[in-house]
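Here you go, sequence then predicted model.
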Amino acid sequence: MPLEINVNGEARAVQGDPMTPLLTVLREEMHLTGAKLSCGEGFCGACTVLLDGTPAMSCLMPVGLVGERAVLTIEGLAPAGSELVPVQKAMLDNDAVQCGMCFPGMVLTLSALLQQNDSPSEDMIREALVGNICRCTGYERIVAAALEASRATVADAQEVSR
Amino acid sequence: MTAPVIGSDLPRRDAEDKLRGRTRYAMDSGRPGMLHAALRRADQPAARIRRLDVTAARRMPGVRAVVTAADAPGRYGIAVADHPLFAIDTIRYNGEPVAAVAAETLEQARAAADAILLELEPLPANLTMAESLASGAREIHPDWRDYQELVAGGSRGGNVAWEATVIRGDTDAAFARDDVTVVESEFVAGRQNQAPLEPRACVATYEDGRFVIETSTQVPWAVRNATANLLGVNVADVRVTAPAVGGGFGLKFEMALEPFAALLARASGRPVKLVNRREEEMLTALCRENADIRIRSAVSRDGEIVAREATVLMDCGAYGGEQPFLTTMTAHTLGANYRLGAVRLVSRAVYTNTAPTGAFRACNGAYNTFALERHTDEICAAIGMDPVEFRRRNVVGDGSMGATGQIFEGDVLGPMLERMETLRAGAAGGLPAGDRRLFGRATVVGTWFVFVGPSAATVNINPDGSVTLVTAGVEIGSGSMMQALPQIVSHSLGVPPESVVVRAADTDSAGFDIGVGGGRTTVSLGAASTAACDDARRKLLEVAADLLETAPEDLVLEDGHVGIVGVPDQRISIAQVAAHAQLVTGPISGSGSFTGRGTGSLPGCAAGHMIEALDIPIFTVHECDVAVDADTGHVQILAYRVVQDVGRAINPRAIHGQIQGGVAQGLGYALHEEVTIGADGCIRQRGLETYRLPLAQDVVPVQAELFEGAPSIGPLGAKGAGEIPILNVAAAVACAVANATGKRVRQIPLTPPRVLGLITGMEPQPNLSHVGSSWRDNVLDDPDELLARSPVHDTATPS
């Protein structure tokens, strides 16, 4: 029986071996190339996806072990036609992007952090990024964008509660 | 009038797609019917190939093509053509490719590569430069005399792939003076892996008798040429395109996987994709080379440097690659920064049985600056002068003579040191009470250059008023293609930057370019673009003059319109002019080009140098505050300050981004990115678990100031800003750690065990017994003959 996993809100059939890394299935079968194969060993974070809202290294996750958990990739975070999420917007505004390879993973990790805690400290942001390597930027604008987005998140929440 | 576009923080046009994960890098490419490829690599550092049998591999499931050295007759190189695509008869490094396989799936390709029969007969391996230079050492390239020299002038011999020398003045006499202090220092620097997150990757097809290669490269034209030479085909039969590149830092400044994929595409008749695994990137990256350095200087009591001799050994690994070219830069780093009396330098690229090294952001400048600045601090200690005061007195200024006799223009480093003092004001001068760690601070200077060289550009003025810029420039992450170039074109033609379409690199559409690196994109491609815009503007104004019934000289381009000077309401849009031009002259396009101007040096001073003087020198001042934990050897960066000469800032925010990123990479180099080589000649750090890249918790926000106004032949007075941020970092950190600990820091990276060893006195001092103390001991030719050949210049007194 073919496997089925939930990717970006849709049930998707998966061909092949359940031991195939989720990253390979996303990139090769589903053509979702936002998650990157960079180290393939779970150290760089370029392949980060969210599993039920928790960041996971998709290069190390056998697709057969995803189970019922919802997979969210960068393509599903702000789907075509929708606006950027606050942390993406803040990265855009801060001229944070350089080569761009790490950003899908960075954005997902930080989105998950902000879901969990809408006003993290700078130290908490740096700690959350311990599994996401950026070789270009020296991180400061990524951290600044996360801080800015956390304020935006707070402001949005306040607006809703009013 | 809209706000000026030069000096504005134009955002990046590629940022949103990159944030949405939509940008397609070469590694994301796919084609119908595409095969996947894998390389078979040797697992010994030095061996004779007894047998290479691909018969079994060809019969493996899914295999469509297998290629070997028989398919690639050529050799390539930058100065010397010493490098075959596949090892021929001899293995020279652990990881050297011997065959390539294309199959339906990646797993099938890798299985078939593993099934290739390779029998090796081990040879004695030279794993270090000391071993390669030892008397009686086995020659790694016994046929070196037969290799084609692509550049003349360097001395070669034995395991010395290239030697460059500088002789200016009589150092012997200066060292013999009885009124000078002689200070001698030795340094060792490790390798650094560029480690861009996108590995080297390409997709090749064979179409209409030509190779078409989409690749992750900084140098489309160099890939085109190298591929053609290696495969023995016409250069015109190779087309190279480059999409967005996921980081380069110099790793992609040379041909990489492209010829393998090209051969397999031709052999199979199918598109072929080849991507390095991270492990392959770790084991075969063209790292910043490890180096052994000896410097000695004769200094007068008041701090005048009357003479300097230095020897720099650069480990080029099994093949020369970039290193023969880079030997050039010793003259312009060790011999720059300070005014010098007599100077003799020798810079050697040395073959070893290790993976070839290459270019990495600021190249040998990063360790030469580390060595020079630590040596300078040792001079200061020896003569009892404050290090900042010494630098203030001795840095090069207007009219100073560089090592090769170049005359510098403008006072730059001096005022930059003053600017640093202002930037420092208010910084804490120590650690808070109760913190028992050791505090150290250092201020260091650096000199580097823009690698100018040839670039071409075309601009097409479209009938909708937009402008298409066509160059072979590649967006590798620095933003030059997304920000600086559209800003320059926008400024030149008076169109909004959003109206400038930037064509991605394609060697079939754009003229020659030497590549994206060496801080040259904004300068060289910018200057070529400016020239192309000038050409287009002239044509545009001629047509507009006709329409507006006035002379072209009375016209001005701004806000997307052609206006008449002094007549504000009479103007027509560029779109109208371009549309009209189509009818009367045909479509308007302009072409432009640029290359270095060839700044003069003293004739005969430099031998074996590919750049004898710097067309655009760049200066930088760095300062860092560190805390050293004497119990663990851990170095924490407390604060980091930069004053960088930028000529003119086209996009200040983008430059600040480059400085932050470059400093972070430099901190990795200075502190924890360590490459070591095992007894099997294999690099021990096989992944990102053992090769420690800087993380968000390791870096600090860099306080940076852009210093504008220094002379530059770049467009609008700009200089390259992306390469130099890494130049001084190891120097600043090493000097600060030396100041904190009171120990002579002679080796980087300053990992905690090494720092602890320095503090406890357990760290062995670098053994440079293979580098003679005198310059004379380190040259291939008879030193007296070399001296006799050099012209006599009266340069003993620093000016």
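Structure received.

For the closest residue to chain B within chain A, which non-adjacent residue is closest in space?
At 2.2 Å from chain B, residue A:34 is the closest residue in chain A, using C-beta to the nearest C-beta. All C-beta atoms are positioned from the backbone trio N, CA, C, and that covers glycine. Leaving aside its chain neighbours, residue A:34 sits nearest to residue B:21 (2.2 Å; criterion: C-beta to C-beta, 6 or more residues apart in numbering or on different chains).

what residues are up against the residue of chain A closest to chain B?
The neighbours of residue A:34, taking C-beta atoms under 8 Å, 6 or more residues apart in numbering or on different chains as the test, are A:73, A:74, A:75, A:104, B:20, B:21, B:22.

Is it located within a strand, as I assumed?
No - checked against DSSP: H, G, I helix; E, B strand; the rest coil, residue A:34 lies outside a strand; its state is coil.

Now do the same for residue 155: its pLDDT.
Just so you know, I chose chain A. For residue A:155, the pLDDT comes out at 73.

try chain B instead
Residue B:155 is assigned 95 on the pLDDT scale.

Need the residues that contact the helix or strand where residue A:76 lies.
Secondary structure from DSSP states H and E places residue A:76 in helix A:74-77. If you take C-beta under 8 Å, 6+ apart as the criterion, helix A:74-77 is touched by A:7-9, A:32, A:34-35, A:85, A:88, A:104-105, A:107-108, A:111, B:20-22.

Could you pick out which of these are located in helices?
Residues of the contacts of helix A:74-77 located in helices (DSSP state H): A:88, A:104, A:105, A:107, A:108, A:111, B:20.

ok, the last one to chain A distance?
Computed as C-beta to the nearest C-beta, to the nearest Å, the residue B:20 to chain A distance reads 6 Å.

So which residues of chain A form strands?
In chain A, the strands defined using DSSP state E lie at A:3-7, A:10-14, A:48-51, A:54-57, A:70-72.

quick revisit: among the ones in helices among the contacts of helix A:74-77, pick out the one closest to residue B:104, please.
Among the ones in helices among the contacts of helix A:74-77, residue A:104 lies closest to residue B:104 (C-beta to C-beta), at 28.4 Å.

residues in contact with that closest one?
By C-beta under 8 Å, 6+ apart, the residues touching residue A:104 are A:34, A:35, A:36, A:46, A:48, A:73, A:74, B:19, B:21.

which residues does the second one contact?
So that's residue A:35. Residues near residue A:35 by C-beta under 8 Å, 6+ apart: A:23, A:26-27, A:46-49, A:58, A:73-74, A:104-105, B:21.

gap between stretch B:266-279 and the chain center?
In terms of C-alpha atoms, centre = their mean, to the nearest Å, the centre of stretch B:266-279 is found 27 Å from the chain centre.

Regarding it, how distant is the last residue from the first?
Length of stretch B:266-279, first residue to last, C-alpha to C-alpha, to the nearest Å: 27 Å.

buried residues in it?
B:266-268, B:270-279 (16 or more other C-beta atoms under 10 Å in any protein chain shown).

Among the residues you listed, which ones are in strands?
Per DSSP E, those map to strands at B:272, B:273, B:274, B:275.

Take these and lay them out in TSV including distance to residue B:377.
Shown next, in TSV, are these (distance: C-beta to C-beta, whole Å):
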residue	distance to residue B:377
B:272	53
B:273	50
B:274	47
B:275	45
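
any chance of those residues in CSV, with pLDDT and distance to residue B:637 too?
Compiled in CSV, those are given as follows (pLDDT from 0 to 100; distance: C-beta to C-beta, whole Å):
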residue, pLDDT, distance to residue B:637
B:272, 98, 45
B:273, 98, 41
B:274, 98, 39
B:275, 98, 35
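
quick one: stretch B:197-211 to chain centroid distance?
Taking C-alpha atoms, centre = their mean, one finds stretch B:197-211 lying 24 Å from the centre of the chain it belongs to.

next one: stretch B:441-453
Its chain's C-alpha centre and that of stretch B:441-453 lie 13 Å apart, by C-alpha atoms, centre = their mean.

Output stretch B:155-175 as PDB - backbone C-alpha positions only.
Output in PDB follows, covering the C-alpha atoms of stretch B:155-175 (Å, rounded to 0.1, in the frame of the first residue of the first chain):
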ATOM      1  CA  SER B 155      60.200  30.200 -11.400                       C
ATOM      2  CA  ARG B 156      59.300  26.600 -11.100                       C
ATOM      3  CA  GLY B 157      61.100  23.500 -10.000                       C
ATOM      4  CA  GLY B 158      60.800  20.300  -8.000                       C
ATOM      5  CA  ASN B 159      57.700  20.600  -5.800                       C
ATOM      6  CA  VAL B 160      57.600  24.400  -6.200                       C
ATOM      7  CA  ALA B 161      54.700  25.000  -8.600                       C
ATOM      8  CA  TRP B 162      55.400  28.700  -8.800                       C
ATOM      9  CA  GLU B 163      57.700  31.200  -7.200                       C
ATOM     10  CA  ALA B 164      57.300  34.900  -7.200                       C
ATOM     11  CA  THR B 165      59.900  37.300  -5.900                       C
ATOM     12  CA  VAL B 166      60.200  40.900  -5.000                       C
ATOM     13  CA  ILE B 167      63.500  42.700  -4.700                       C
ATOM     14  CA  ARG B 168      63.600  46.400  -4.000                       C
ATOM     15  CA  GLY B 169      66.700  47.800  -2.300                       C
ATOM     16  CA  ASP B 170      69.500  46.300  -0.300                       C
ATOM     17  CA  THR B 171      68.100  44.500   2.700                       C
ATOM     18  CA  ASP B 172      71.500  42.900   3.500                       C
ATOM     19  CA  ALA B 173      72.900  46.400   4.200                       C
ATOM     20  CA  ALA B 174      69.900  47.400   6.200                       C
ATOM     21  CA  PHE B 175      69.900  44.300   8.400                       C
END
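
list the buried ones in it?
Neighbour-count burial for stretch B:155-175 flags B:155-156, B:158-171, B:174-175 (criterion: 16+ other C-beta under 10 Å).

ok, back up a step: out of the contacts of residue A:34, name the two that are farthest from one another.
Across these, the longest distance by C-beta to C-beta is 11.6 Å; it joins A:73 and B:22.

Report the buried members of the contacts of helix A:74-77.
Buried members of the contacts of helix A:74-77, scored by 16+ other C-beta under 10 Å, are A:7-8, A:32, A:34-35, A:85, A:88, A:104-105, A:107-108, A:111, B:20-22.

circling back: could you single out the nearest of the ones in strands among the buried residues of stretch B:266-279 to chain A?
Once C-beta to the nearest C-beta is applied, the member of these that ends up nearest chain A is residue B:275, at 8.0 Å.

hang on, the closest one packs against residue B:199?
Yes - applying C-beta atoms under 8 Å, one finds residue B:275 in contact with residue B:199, separated by 6.0 Å.

just the ones in strands among the buried residues of stretch B:266-279 that are near chain A?
With the criterion set as C-beta under 8 Å from any C-beta of the partner chain, no member of these is near chain A.

Relative to residue B:328, which of those is nearest.
residue B:274 (32.2 Å).

Now do the same contact list for the closest one.
B:36-39, B:100, B:201-204, B:257, B:260-261, B:264.

Tell me the bridge partners for it.
Counting by DSSP bridges, residue B:274 is bridged to residue B:202.

No further questions, thank you.
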